[in-house]
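J.: Turn this into a structure:
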Amino acid sequence: MPTTATEVTTRRDPAEGSGITIRDPRTGEVLWTVPEAEPGAVHHAVEVARRAAGEWAATPPAERGAALRTAAKALEAAAQELAGLNASETGRPVGEALAGIAAGVSTLEQYAELGPVHRGHSLRGNRLASDYTVAEPRGVAVLLTPWNDPVAVACGLIGAALVTGNTVIHKPSERCPRLGEALGEVLAPAFPPGVFLTISGGADVGALLSEADVDVLAHVGSSASGARIARAGALTGAHVIRENGGNDPLLVDRDVDPAWAAEQAAIGAFSNSGQICTSVERIYVHQDIAAEFCAALEAEAAARNSNGSVAPLVDLRMRDEVHAHVTAALNQGARAVEGGVLPDGPGSFYPATVLLGCTEGMQVMTEETFGPVAPVQVVETFDDGLRLACSGKYGLAATVLSGNIAHIQQAVASLPVGTVKVNEVFGGAPGGAAQPRGESGHGFGYGPELLDEFSQVKVVHIAAPPAGARRSAGPATEERAAEERAIEGQDQP
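T.: Predicted structure coming up:
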């Protein structure tokens, strides 16, 4: 039977007051307490994954791809159960959760196809020699994944790591531990024992994994956590891949339809209650269309608040952080034309909020808010907006709404981010891979390039021995050499 996390970990007893307690984001009621892995169990999991690494690395890539396809089918069959857990633990609507799981299935299938054709390169050298590169797995990969799109994001890292021959220890976010464990139970049977393990726990468990003797640390989550993981990797020598926080700007040019631009802004700022790494976090709108744009954006937010389509934030701690950003902006002169007030009642709901009169020094314009907040700053020119959009310590993504090709090209060339989106806040072709910059991370995320992140390259040079060179590799070779000498003697004149 495949080894799962429950087979290699011993847990603290929740009755002793230890564990991860999850509350329903809609009602505030306690759902369950999930025990955390003991330190000894974390180390044991690393040992198990290390023991399994050699055989899995030697498994033909086509067989690894077949295992991934089996895992994808199992995930598809378990979609309803996992979506229910996602909705329970994070408040995400079931329909959106199902969409995330479907994306996870597609990602596993994609890497099942890409893995077997992940190849090296031939090199130009002496024509009587062979020079080429070989891609090999790095070894044991620790994957630390987030709660806001927990299945889709996890499957991207899991698929790329496993199909390239690495063994995997997956620690899902402590904000959705039951979902993470269930995902592990669904996927693990597709692989040999020890190849894919799941560990539950919070920051302490994540720190133990980051400091362990592993070969890859892949993290999707906050910039603060990512920085700690990068420091740990620098000490252990593990290869670090990070996609971390963002403060993504939306730049609205003077020549676009204000109502359409407001719709795009609302989608970017309010989808998944603003809890997406590439959410619109700050908006710069040209003064010529600012009044119409702001009125339309206010209407978009009001409609969402009145029809109840804004799901709760993941927990009260997140809501407190979001409201602190909003309150600070209000105290500095911003105006909340919609939302901005803590709602009555249970749960961790927060309204879609539009802040006008924002300035570049406000926290909502410089930090990741991660909630349904759309802060707007009016600019006099496109160049002014672009300058502000290029500012800050993050470099995840940016969006430009414009019909002016010169402005679009200028923005693409100037924005210091991994992804530039023009005239659509979300979307893009399959297989897109970007490199975050600044405090938003490092390394490729997703797409074919993620296979390279989980691989290391070996260069091979094969030359022919000198002509007539004697060989001495054992009795058979010596016998053959004697025969060749005898033949050479017969040929003498």
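J.: His461: what secondary structure?
T.: strand (DSSP: H, G, I helix; E, B strand; the rest coil).
J.: Quick check, central residue of this structure?
T.: Val220 (4.4 Å; Cα atoms, centre = their mean).
J.: Quick check on that one: phi, psi?
T.: Reported as degrees, to the nearest 10, the phi and psi values for Val220 are phi -120, psi 120.
J.: and if you look at Leu217?
T.: Torsion angles, degrees, to the nearest 10, at Leu217: phi -120, psi 110.
J.: quick check, Val285 in a helix?
T.: No - applying three-state DSSP, one finds Val285 to be strand, outside a helix.
J.: bridging residues for it?
T.: Val252, Val378 (DSSP bridges).
J.: Phe426: neighbour count?
T.: 15 (other Cβ atoms under 10 Å). The way it works is simple: take the backbone N, C-alpha and C, and place the C-beta from them, glycine included.
J.: which residues does the residue nearest to the centre of the chain bridge with?
T.: Glu243.
J.: Which of the helices or strands spans the spatially closest residue to Leu342 that is not a sequence neighbour?
T.: Distances taken as Cβ to Cβ, 6 or more residues apart in numbering put His323 closest to Leu342, at 5.9 Å, once the chain neighbours are dropped. Under the criterion of DSSP states H and E, His323 resides in helix 316-331.
J.: still on that earlier bit, the residue nearest to Leu342 contacts Phe349, doesn't it?
T.: No - at 11.3 Å, His323 does not count as touching Phe349 under the criterion of Cβ atoms under 8 Å.
J.: Next, count neighbours for Thr366.
T.: 16.
J.: Would you mind measuring from it to Lys393?
T.: 8 Å (Cβ to Cβ, to the nearest Å).
J.: And for Val459?
T.: 37 Å.
J.: Need the mean per-residue confidence for the helix holding His323.
T.: Across helix 316-331, pLDDT averages out at 98.
J.: Ok, stretch 84-91 next?
T.: So the average pLDDT for stretch 84-91 ends up being 98.
J.: which neighbours do Thr366 and Lys393 share?
T.: Asn247 (Cβ atoms under 8 Å, 6 or more residues apart in numbering).
J.: would you list every one of the helices in the stretch 51-200 of the chain?
T.: Ranges of helices in the stretch 51-200 of the chain, per DSSP state H, counting those that start in this stretch, are 61-77, 79-90, 94-114, 150-163, 177-187.
J.: brain fart, the stretch 251-400 of the chain
T.: Under DSSP H, counting those that start in this stretch, the stretch 251-400 of the chain gives helices at 258-270, 290-307, 316-331, 363-366, 382-389.
J.: Export those helices as JSON lines, with columns for distance to Gly339.
T.: Shown next, in JSON lines, are the helices of the stretch 251-400 of the chain (distance: least, Cβ to Cβ, whole Å):
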{"stretch": "helix 258-270", "distance to Gly339": "10"}
{"stretch": "helix 290-307", "distance to Gly339": "6"}
{"stretch": "helix 316-331", "distance to Gly339": "8"}
{"stretch": "helix 363-366", "distance to Gly339": "13"}
{"stretch": "helix 382-389", "distance to Gly339": "23"}
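J.: okay, now the residue nearest to Leu342: neighbour count?
T.: 19.
J.: before we move on, what about Asp24?
T.: Asp24, neighbours per other Cβ under 10 Å, totals 18.
J.: Give me the residue ranges of the protein where confidence is low.
T.: For the chain, the stretches with pLDDT under 70 are 1-17, 469-493.
J.: residues touching the closest residue to Ala103 other than its chain neighbours, list them.
T.: Counting by Cβ to Cβ, 6+ apart, Ala152 is the residue found nearest to Ala103 once chain neighbours are left out, at 4.1 Å. By Cβ under 8 Å, 6+ apart, the residues touching Ala152 are 100-101, 103-104, 107.
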